[in-house]
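*Asks:* Prediction below, plus the sequence it came from.
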Amino acid sequence: MTSPKMNSTQRRFDAVQVGDELPPLAVPITVQLIAGGAIATRDYFPGHMDKDAAQALGSPHVFMNILTTNGLVQRFIESWTGGPGAPLRDLKIKLGAPNYPGDTMSFSGSVTAKHESDRSVEITLKGKNQYGSHVTGTVRVGLA
């Protein structure tokens, strides 16, 4: 998996407009990403690490957990803000279609609101794979 390029400087609140599109981010989904994310988040459910157990549940392969998805959402936002210096103030996501090994999850998003009171912006995002939307949601992030 390639890392997104971080901006050389932190994105500035005054330079952002409602309607601005975030650069897309494609994330290849692998067994290592799914199992590693599950282990890192202490989610030892067999469907995230054992193909036979996942198939016994009716799944074609292991499938990604929500905490790994949450981390990938944060990665997508931070690749746009310029790094971890922009605090996430609110993050709401909803899962849809599962992510399986061999899929590519393609993130897209846009700025849907600006909040002068705390210099934050709201981003509406979607992460899609071949089956449809894996994740949809909104993130509110503070900008300098």
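*Replies:* The structure has been received and is ready for your questions. Residues are numbered from 1 along each chain as shown.
*Asks:* and residue 46, how many neighbours?
*Replies:* 14 (other C-beta atoms under 10 Å). C-beta: built from backbone N, CA, C; applies to glycine.
*Asks:* so it touches residue 63, yeah?
*Replies:* No: here residue 46 lies out of contact with residue 63, judged by C-beta atoms under 8 Å, at a distance of 11.0 Å.
*Asks:* Which residues are in contact with each of these two?
*Replies:* residue 54 (C-beta atoms under 8 Å, 6 or more residues apart in numbering).
*Asks:* For the longest helix seen in the chain, what does the pLDDT average out to?
*Replies:* When the chain is parsed with DSSP state H, its longest helix is helix 66-81. The predicted model gives helix 66-81 an average pLDDT of 97.
*Asks:* Contacts for it next, please.
*Replies:* 4-7, 10-11, 22-23, 25, 27, 33-34, 37-38, 40-41, 43, 84, 86, 88, 91, 93, 95, 99, 105, 107, 109, 123, 125, 127, 134-135, 137, 139, 141, 143.
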